[in-house]
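*Asks:* pasting the structure only:
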């Protein structure tokens with residue numbers, strides 16, 4: 001569904017990504033791991049067209065999107081939940097959800113407002129509240145619901161639950177587990193290694209803009225030295 005082939009990207013004269021290879025299959029949950037400042041968000045921005053790749057090739061559902069504009073990438077099926085949520089502060093939660101809703105790829109069981117409310121019931125209670133008056137957790141739920149209502153082929157979450165209250169974090173991880181059961185292809189970035197090992201089918205570790213390891217959860221959990229070296233945690 002999503003493929004990065006030897007992708008390079010950066011900011012001005014400063015290169016951040018070096019020959020990044022990454023793949024997400026249909027219905028697969030893939031995580032991108034690494035300490036802060038290692039290139040994870042730059043990878044997301046390259047995928048979404050917000051900071052286009054300077055070299056390499058990116059494809060989404062067999063369509064090349066390497067140099068495509070962000071709005072075209074979204075229309076082709078990328079649903080982005082960006083770091084910092086980025087919801088519209090003056091629109092209500094309901095308006096944020098429906099502003100970009102579409103079923104361009106004719107999904108047989110499309111995401112609707114009712115279905116999003118079933119997945120994230122807290123959004124019903126804040127439907128009329130403006131974005132700027134929502135808590136961080138409520139904003140994150142709106143951002144997820146907004147992305148789902150575009151009926152994406154691939155859902156990308158940058159810092160899925162970082163900085164949220166424990167109860168809200170649990171709700172977000174429950175949401176992602178439910179999405180996995182529906183067969184949604186997902187790329188997720190977060191610092192909660194335990195949750196990512198449980199959720200992810202495969203994992204990529206980034207170090208200084210390069211992918212230095214990839215494998216499944218069992219392989220990652222079996223390498224405590226790798227976890228310590230690249231993530232600063234013990235298994």
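*Replies:* Structure received. Owing to the predicted nature of the structure, the values given are computational and were not obtained by experimental measurement.

*Asks:* quick check: what element follows whatever helix or strand residue 9 lives in along the chain?
*Replies:* Under the criterion DSSP states H and E, the helix or strand holding residue 9 is strand 2-11. Sequence-wise, the next helix or strand beyond strand 2-11 is strand 14-24, with elements assigned using DSSP H and E.

*Asks:* hey, what's the angle from that next one to strand 2-11? Just curious.
*Replies:* Between the axis of strand 14-24 and that of strand 2-11 there is an angle of 170 degrees, by axes from the mean of the first three to the mean of the last three Cα atoms, to 10 degrees.

*Asks:* ok, strand 14-24: who's next to it in the sheet?
*Replies:* With DSSP bridges as the test, strand 14-24 is paired with strand 2-11 (antiparallel).

*Asks:* what residues sit buried inside the partner strand?
*Replies:* Of the residues in strand 2-11, those scored as buried under the neighbour-count criterion (16 or more other Cβ atoms under 10 Å) are 2-4, 7-10. (C-beta placed from N, C-alpha, C; glycine too.)

*Asks:* next one: stretch 110-130
*Replies:* By neighbour count, and taking 16+ other Cβ under 10 Å as the criterion, the buried residues in stretch 110-130 are 111, 113, 116-117, 119-120, 123, 126, 129-130.

*Asks:* report the two of those residues separated the most.
*Replies:* Maximum pairwise distance in those, criterion Cβ to Cβ, is 23.0 Å, between 111 and 130.

*Asks:* thinking again about what came up before, now render the buried residues of strand 2-11 as CSV, adding pLDDT and distance to residue 53.
*Replies:* Formatted as CSV, the buried residues of strand 2-11 follow (pLDDT from 0 to 100; distance: Cβ to Cβ, whole Å):
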residue, pLDDT, distance to residue 53
2, 97, 13
3, 97, 12
4, 98, 8
7, 98, 5
8, 97, 6
9, 96, 5
10, 94, 10
